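Engineer: give the three-dimensional model of this entry:
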Amino acid sequence: MTLGMDPEHGHAMNCLEKAKVVLREGENEILREFYCQGAIDPKVIEQLRKMGEAAPNDPRYAVTPEREARWARAATHPDANDLENAKAAFRGINLPPLGGQIRSGGVNLCVKFRVLYLLNSQIYV
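Structural biologist: Residues are numbered from 1 along each chain as shown. Just a heads-up that it's a prediction; the model follows:
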């Protein structure tokens with residue numbers, strides 16, 4: 001799973017825990033986990049800029065040089081190192097062949113199939 005923030009950040013960890021709850025409620029089994037920094041949709045960044053302009057004295061929305069740097073770093077992920085780490089995280093999982101349709105492009109979670117496929121980087125387990 002990718003996030004538009006550092007996966008070690010407290011808010012990120014909270015989001016990840018909520019995602020696991022939803023998956024388990026759907027009777028999915030989580031065999032392994034992998035999280036990495038992901039790019040932030042430019043539309044989201046534009047909305048954050050507008051919020052900063054609308055509330056210039058609210059530190060939650062301030063567009064600081066540090067925030068700009070985080071956005072720039074996020075734009076480079078997932079990178080080759082992230083993909084190698086994902087391959088390592090899921091290597092060795094032995095499951096029966098998939099019986100359903102997987103949409104191509106990006107990272108797709110195969111709910112009910114118990115496995116994460118990274119289709120754009122040809123990681124299949």
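Engineer: ok, K20 touching E29?
Structural biologist: No - applying CB atoms under 8 Å, one finds K20 not in contact with E29, separated by 11.1 Å. For glycine as for every other residue, the C-beta is placed from the backbone atoms N, C-alpha and C.
Engineer: settle it for me: which of the two has more neighbours?
Structural biologist: For K20 and E29, the more surrounded residue by other CB atoms under 10 Å is K20, and the numbers stand at 14 against 9.
Engineer: and the strands in the protein, which stretches?
Structural biologist: Using DSSP state E, the strands found in the chain span residues 2-3, 36-37, 107-110, 115-118.
Engineer: contacting residues for Y61?
Structural biologist: When contacts are counted by CB atoms under 8 Å, 6 or more residues apart in numbering, Y61 is found next to L48, M51, G52, A54, A55.
Engineer: roughly how far does it sit from G38?
Structural biologist: If you measure Y61 against G38 using CB to CB, to the nearest Å, the figure is 21 Å.
Engineer: do N57 as well
Structural biologist: Counting by CB to CB, the gap between N57 and G38 amounts to 30 Å.
Engineer: which one of the two has more residues nearby?
Structural biologist: Neighbours were tallied for N57 and for G38 using other CB under 10 Å; the higher tally belongs to G38 (18 against 6).
Engineer: identify the bridge partners of the residue nearest to that one when sequence neighbours are not counted.
Structural biologist: In space, and not counting its chain neighbours, G38 is closest to T2: 2.8 Å by CB to CB, 6 or more residues apart in numbering. Bridge pairing for T2 (DSSP bridges) gives the partners C36.
Engineer: where does T2 land on pLDDT?
Structural biologist: Each residue has a pLDDT score; the one for T2 is 82.
Engineer: that concludes my questions; thank you for your assistance.
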